[in-house]
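*Asks:* Got a predicted structure here, sequence first:
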Amino acid sequence: MKDRQSTSAAVPIMDAAAIQRALRRVAHEIVERNPDLRSVALAGIPSRGVEIARRIAEFIRASEKTEIETGIVDVAMHRDDVGARAELPVVRTSRLPLPLEGRTLIIVDDVLYTGRTVRAAMDAISSFGRPARIQLAALIDRGHRELPIRADYVGKNLPSAASEKVRVRLEQTDGESDAVWLFKE
Amino acid sequence: MNVRSPDMNRRWNRKDLLGLRELSADEINFILETADAFKQVGTREIKKVPALRGKTLVNFFVEPSTRTRTSFELAASRLSADVINISASTSSLTKGETLKDTAKVLEANHADIIVLRHSSAGAPQFLAQRLKSSVINAGDGAHEHPTQGLLDLYTIREKREKIDSLNVVIVGDILFSRVARSNIFGLLKLGARVTLVGPSTLAPREFEKLGVSISHKIDNVLPDADVVNLLRIQHERQRKEYFPSIGEYTQLFGLTKERAKLLKPDCLIMHPGPINRGVEIDSEVADGLQSVILDQVTNGLAVRMAVLYLCGGIAT
Amino acid sequence: MSATIIRNGRVIDPTNKRDEIVDLAIVDGRIAQRSEISGQKSEVEEIDAKGLIVAPGLIDMHVHLREPGSSHKETIASGARAAAAGGFTTIVCMPNTSPPADNPSTIAWIKERAAETGCVNVLPSGAISKDLAGEELAPIGSLEEAGVVAITDDGHCVQNHELMRRAVEYARMFGLPVLDHCQDYNLVGNGVVHEGYWSTLLGLPGWPAAGEEAIVLRNILLAELCDHRIHCQHISAAGSVRLLREARTRGVKISGEVCPHHIALTDEAIQNFDTNFKINPPLRSQRDVDALLEGIADGTLSILASDHAPHADFEKEVEFDAAPFGVVGLETELGIFIDLLVHKHGKIDIGRLIEMYTIEPARLLRIEAGTLSSGAVADVTLIDPNLEWAVKTDTFQSASRNSPFDGWKLRGRAVRTIVSGKTVWKL
């Protein structure tokens, strides 16, 4: 397993099948809560959020025979801690289906933690336009929010200690089998 | 750290951009890739990101320029940085203050990034060695103009997708041109074949040691060119001994309508600006379909945003 | 009577063709016979020179002392201390002071100052042209009377060949050697570094070798035409060596000198725009360095000197273009030359090196120095040719620190400098 720390225990939380079940359920929830599917668009946060958005769109296409537009919202340029980090985050090109007015834009990410990444994503989105509403879908919600942000759709709730690390691996982005790991220090 | 770590940047760790000669091919490519992301910002409704919010950028143009300075100013504003413009006349350099002391004052005033244009080669390096601020070279004498070199590379890459193995012809006053040097260093690093064209006084043989070819007959090299980059030619006092007249220069080396017919249809025509219409390039050709001169300007903004983000964002 | 015995040193005295391990005696400031001392043993200073070379006091005939006018860079006092620390007992100072040494009063001032504050022998040179402007002759006769040992416009170069011809002819009646900083202003333009690969790469204005060679050739022609000695200072280019060699073979009264930086460094050194490598004439290519080494080996270049050019820190710590040319050299030149010429490249032996610092300049300048003959003034330099040391510019005696050699590890150094029988410096 790549990047497994030799000293800490790695606890498997979800395997590939569990991830697929969770995302299928999330896709159904999205359909349920958004009767007008054509106004929905998914915006994945690179890298894994983009892949997860793709899968959710795939599930929706399979069950509703409807194409959901997906885009990419890069948050690196919108972070509130640029200059405070030892290394600079890599910026990627954002691409969102325009115009945003009247749409329900669902931010998609792999792990929801402090909420700062999502805040940056909303900041980025605001420079593109003003969607009617913004929702959030996360594969894992691990708690410890530092900002008043909550997910509308959650694959799995994973209460964790701040000292622990949650790692999501996806075939398409990491070259490993799909899995969610919890590393206890 | 309470934020999940995004992909961190292992491909760039310089606080300054002094020239292209010392950059690796990977570093150059990384800047261009970063510029892609920033080019997209220019298509948004609100063309602003908070990446350099709270940072102060000083445009210190000891050698004047409106175009480059405006480009840096706009790039900095789009990154939400605060901008201050200082020229030679508004600085204390005219009162005898040395460059070093002027810069120290700027740093004491919390300048995070200093964009310097100066007539002395090596001036940006001089500052970079002495200041904690980031120093960006906006042109130092005849030495380098790295952001121009980068935006030229970006434009070529945008239009032709790759730079490796392209035939790039640079025409004009090579000897005194920082644009030529940055272009040469960047293009060679990325695998292009470079040919310099100009009078033998301005494109001397010595350049061959850098790995380029030299020709004094422009008609011979145009048919195989994938890119033609025309440099501005001047005939002021210092150049009077190098070629007899503008008229003769245009006759021998100007990209006239007729000469432009020799070019391949997909050959790009570039110029760093400002253009001397009718001298190094015919007016029609400058505005023609093969000209990407205006794209260069747009790309200049994206490239400069990328450079400011990369250099200015590194914590000291 | 004051007496000193230098024991067990290897005495190398080119005038007398001596190279032997023997004691050297000094009595009342002059070289004496060993026998003159016996009798007053308790008052005799004993210096142990085992393992050392005992040479005539070395002469550096190309030094900028900056006084009058630029004492923030160096004074005659500090320059003399630097010379002593470098092993030099006699230095010749250049006239590009402020005011320039183009008149007898300035020469008198310099001599007085040197007598009061200089711990080594300071010999003034006078200007060739008024104000070093290259337009009118300086009062060469009065300068000669005031005591100059040579005339030169160093720092500048007379461009008008006719004027130079007349200056050489005029100097001839006094037997005054003419020294020349060989630079054709038109060919050189505003060049700051050697015209070659590095100037092309870095976009810096080039200083072509032809700019020096053209004037070396001019001087060869005039030396021949006027039948008088012209000495070409700080030779840096291969072409200059070739021209000098050819002319000397024919017996022309032309000579050349070399400075340490021109054989220790190449133009590659300027790539970081460090102004401690900005020198006039500039550091050149490896090919030029090789030619200089050959020129030293075959005697074409017969004199070594430093072109010691002090500048204050704040003057050098500016953009490359704006910085003044020049580096200090008195305290490093001997070390550099012994290390490179004798040890590393094996181009000459230590005896020849000492000649190039003693009889060669002494003959050119017609001065009584550079000899250990009995009765001669006791200017002596003790050298340890194998001492390994590191250059630390912040320990320099000179008032300035602009050296390209900070941190260099060298082998060979002067360890004691004696002027008129008195030790003025020791390691």
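*Replies:* Okay, I see it.
*Asks:* CA only for contacts and neighbour counts going forward, please
*Replies:* OK.
*Asks:* all strands for chain A, in order.
*Replies:* Per DSSP state E, chain A carries strands over the ranges A:9-14, A:40-44, A:69-72, A:104-112, A:133-141, A:153-157, A:165-169, A:179-184.
*Asks:* hang on, I meant the stretch 51-200 of chain B
*Replies:* Using DSSP state E, counting those that start in this stretch, the strands of the stretch 51-200 of chain B run over B:56-61, B:82-87, B:113-118, B:134-140, B:167-171, B:193-197.
*Asks:* can you check the stretch 301-427 of chain C too?
*Replies:* So, for the stretch 301-427 of chain C - with DSSP E, counting those that start in this stretch - the strands run C:303-304, C:380-390, C:409-419, C:422-426.
*Asks:* Give me whichever of the ones you listed is most buried.
*Replies:* strand C:303-304 (a mean of 28; mean count of other Cα atoms under 10 Å in any protein chain shown).
*Asks:* that older thread, can I get the strands of the stretch 301-427 of chain C in TSV with distance to chain B?
*Replies:* Formatted as TSV, these follow (distance: least, Cα to the nearest Cα, whole Å):
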stretch	distance to chain B
strand C:303-304	32
strand C:380-390	25
strand C:409-419	25
strand C:422-426	37
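*Asks:* check contacts around C:P95.
*Replies:* Each residue near C:P95 by Cα atoms under 8 Å, 6 or more residues apart in numbering or on different chains is listed here: C:64, C:101-102, C:124-127, C:152-154.
*Asks:* how deep is C:R245 tucked in, by neighbour count?
*Replies:* 21 (other Cα atoms under 10 Å in any protein chain shown).
*Asks:* Report the separation between it and C:K253.
*Replies:* Distance check for C:R245 against C:K253: by Cα to Cα, to the nearest Å, it reads 11 Å.
*Asks:* Quick one: name the residues of the stretch 201-316 of chain B near chain A.
*Replies:* For the stretch 201-316 of chain B, the residues in contact with chain A (Cα under 8 Å from any Cα of the partner chain) are B:310, B:312-315.
*Asks:* before we move on, the earlier item: of all the strands of the stretch 51-200 of chain B, which lies closest to B:N299?
*Replies:* strand B:134-140 (15.5 Å; Cα to Cα).
*Asks:* residues touching C:I350, list them.
*Replies:* C:338, C:342.
*Asks:* And for B:A286?
*Replies:* Contacts of B:A286 (Cα under 8 Å, 6+ apart): B:269, B:277, B:293.
*Asks:* run the last query once more with 10 Å
*Replies:* B:255-257, B:269-271, B:275-278, B:280, B:292-294 (Cα atoms under 10 Å, 6 or more residues apart in numbering or on different chains).
*Asks:* C:L244 now?
*Replies:* C:213, C:216-217, C:219-220, C:232, C:235, C:250, C:252-256, C:295, C:300-301.
*Asks:* what's the neighbour count on A:G102?
*Replies:* A:G102, neighbours per other Cα under 10 Å, totals 12.
*Asks:* Would you state the strands of the stretch 101-250 of chain C in chain order?
*Replies:* C:121-124, C:151-152, C:178-180, C:193-194, C:206-207, C:230-232.
*Asks:* For the residue positioned nearest the centre of chain A, which non-adjacent residue is spatially closest?
*Replies:* For chain A, the residue nearest the mean C-alpha position is A:D109 (0.7 Å; Cα atoms, centre = their mean). Nearest non-adjacent residue to A:D109, counting by Cα to Cα, 6 or more residues apart in numbering or on different chains: A:G49, 4.0 Å away.
*Asks:* What strand or helix carries C:A85?
*Replies:* helix C:76-86 (DSSP states H and E).
*Asks:* Could you pull out the buried residues of that helix?
*Replies:* C:76-86 (16 or more other Cα atoms under 10 Å in any protein chain shown).
*Asks:* What about the closest residue to B:N85 other than its chain neighbours, how many residues nearby?
*Replies:* In this structure, B:N85 finds its nearest non-sequential neighbour in B:N59, 4.7 Å apart by Cα to Cα, 6+ apart. Around B:N59 there are 25 other residues, counting by other Cα under 10 Å.
*Asks:* Then C:P324?
*Replies:* Using other Cα under 10 Å as the criterion, the residues surrounding C:P324 number 21.
*Asks:* dump the residue contacts of the residue nearest to it when sequence neighbours are not counted.
*Replies:* Spatial nearest neighbour of C:P324, excluding adjacent residues (Cα to Cα, 6+ apart): C:K316 at 6.5 Å. Residues near C:K316 by Cα under 10 Å, 6+ apart: C:274-276, C:278, C:310, C:322-327, C:401-402.
*Asks:* Check C:R34 too.
*Replies:* Contacts of C:R34 (Cα under 10 Å, 6+ apart): C:4-6, C:22-27.
*Asks:* likewise C:V158?
*Replies:* C:128-129, C:132-136, C:152, C:164-165, C:167, C:180-185, C:215.
*Asks:* If anything else comes up later, I'll come back, but that's it for now.
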